[in-house]
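Enquirer: Kindly return the folded structure for what I paste below:
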Amino acid sequence: MEVDLWSIDVAAMRAHPDFPGDETDRAEAFGVVAVTGRGLSESLQPALVLQGHVDVVPVGDPLKWQDNPFGASIRGDTVFGRGACDMKAGVAVNQVVARAIHLSGVHLTRPLAVHTVVSEEDGGLGAFATLQRGHGGDAAVITEPTSGAIVTATAGALTFELRVAGRAAHGSARLEGVSAFEAFLPIHHAIRDLETQRNLCADSRFPDSRLPYPISIGRISTGDWASSVPDLLVAEGRLGVRLGESMQDARRAFEECVLLAGARDAWLLDNPVTVTWPGGQFASGSIAEGHELIGEVA
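Expert: Predicted structure coming up:
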């Protein structure tokens, strides 16, 4: 296969008006695409792309792992390690498919491409950069794990950041300050109520999901000294986007929730919580029920 390996211009991708967002301080990234020959039709455009991502989420506390999280330990017929399922297995399958076709001697009518990307877990920089470089195809199979289920709809996700102000004071004079942590509590309660409301009428295509549109707070930071009242809390999280809901409407619903919760609190009324959307921004998606592709995949 012809291999294109390149260093991604991260700064240029971030400056692109269609950049999907990211959640890391990534300084460098690489793209790699392998394509078979032109094929019998002499067309350069691949008919099929097999795509997979090689990045994984953090391992958490390594002491809670029974195995080396990056060691790919095999017990029985199962591989244990970070990303074994999501999605090193899918990446491996893509390589095996390409190798099997090569060894079979089959002459393809159109080229086959294998895209291996980074940054899927934090926005999609790798796939975006690969498309910007000009790599594409008529159709793509992303070999993410689904336990054999055919998934015809997916919720979207937006990354948000909340900044809650407090008033600093020494811990020995706590009442002279306003804890940003305590100021955040009514906001968190309102977000939980919003989550319940947004999941009351979930789509019928999510029959087994108890919470198809979750709102999760993934990281909170506040305070810089144990003996002080914190004057700032930063909370970062993920907002589920409902099927058919525009990202603008999802953002508006969340911002209005935070605004209304703040309006009911004397401190937050004078010190409004700021909401920004700095990370990954993914729209929802679905395929029409009865579409011929569903039967073909089955």
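Enquirer: what distance separates stretch 54-61 from the middle of the whole chain?
Expert: 13 Å (C-alpha atoms, centre = their mean, to the nearest Å).
Enquirer: How many neighbouring residues does the spatially closest residue to residue 205 that is not a sequence neighbour have?
Expert: Using C-beta to C-beta, 6 or more residues apart in numbering and skipping residues adjacent in sequence, the residue nearest residue 205 is residue 153, 4.5 Å away. Placement of C-beta: from N, CA and C, glycine included. As a burial measure, residue 153 scores 16 neighbours (other C-beta atoms under 10 Å).
Enquirer: Is residue 153 bridged to anything, and to what?
Expert: Beta-bridge pairing of residue 153 under DSSP bridges involves residue 286.
Enquirer: pLDDT weak spots in the stretch 1-150 of the chain?
Expert: Scanning the stretch 1-150 of the chain for pLDDT under 70 picks out the ranges 38-43.
Enquirer: thinking again about what came up before, give me every residue that touches the residue nearest to residue 205.
Expert: Neighbour list for residue 153: 203, 205, 206, 243, 284, 285, 286, 287 [criterion: C-beta atoms under 8 Å, 6 or more residues apart in numbering].
Enquirer: Assess the claim that the fifth one and residue 239 are in contact.
Expert: The one in question is residue 284. No: the criterion here is C-beta atoms under 8 Å, and residue 284 misses it with residue 239 at 11.7 Å.
Enquirer: More neighbours: which of these two?
Expert: Each of residue 284 and residue 239 has its neighbours counted (other C-beta under 10 Å); residue 239 has more, 23 against 20.
Enquirer: Secondary structure element holding that one?
Expert: strand 232-241 (DSSP states H and E).
Enquirer: Give me the domain ranges for the protein.
Expert: 2-145, 153-282 (automatic domain parsing).
Enquirer: and the gap between the residue nearest to the spatial centre of the chain and residue 228?
Expert: The centroid of the chain falls nearest to residue 121 when counting by C-alpha atoms, centre = their mean (4.7 Å). When distance is defined by C-beta to C-beta, to the nearest Å, residue 121 is 35 Å away from residue 228.
Enquirer: hmm, back to that, which residues touch the strand holding residue 239?
Expert: Residues from elsewhere that reach strand 232-241 (C-beta under 8 Å, 6+ apart): 23, 155-166, 180-181, 183-184, 188, 198, 212-222, 247, 250-251, 254, 279, 282-284.
Enquirer: What of stretch 184-202?
Expert: In contact with stretch 184-202 (C-beta under 8 Å, 6+ apart) are residues 162, 164, 209, 211-215, 217, 220, 222, 233, 235, 240, 242, 253-254, 257-258, 260-262, 264-265, 268, 273.
Enquirer: Any quick PyMOL command for the buried ones out of those residues?
Expert: This is the PyMOL syntax for the buried subset of these, where burial follows 16 or more other C-beta atoms under 10 Å:
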select buried, resi 162+164+212+213+214+215+217+222+233+235+240+242+253+254+257+258+261+262+265+268+273
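Enquirer: Narrow the contacts of stretch 184-202 to those in strands?
Expert: Using DSSP state E to define strands, the subset of the contacts of stretch 184-202 located there is 162, 164, 215, 217, 220, 222, 233, 235, 240.
Enquirer: would TSV of the residues you listed with distance to residue 4 and pLDDT be doable?
Expert: As requested, these are exported to TSV (distance: C-beta to C-beta, whole Å; pLDDT from 0 to 100):
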residue	distance to residue 4	pLDDT
162	41	98
164	46	98
215	39	98
217	40	97
220	41	97
222	45	97
233	45	98
235	40	98
240	35	97
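Enquirer: between these, which is closest to residue 114?
Expert: Within the ones in strands among the contacts of stretch 184-202, distances to residue 114 taken as C-beta to C-beta reach their minimum at residue 240, with 31.0 Å.
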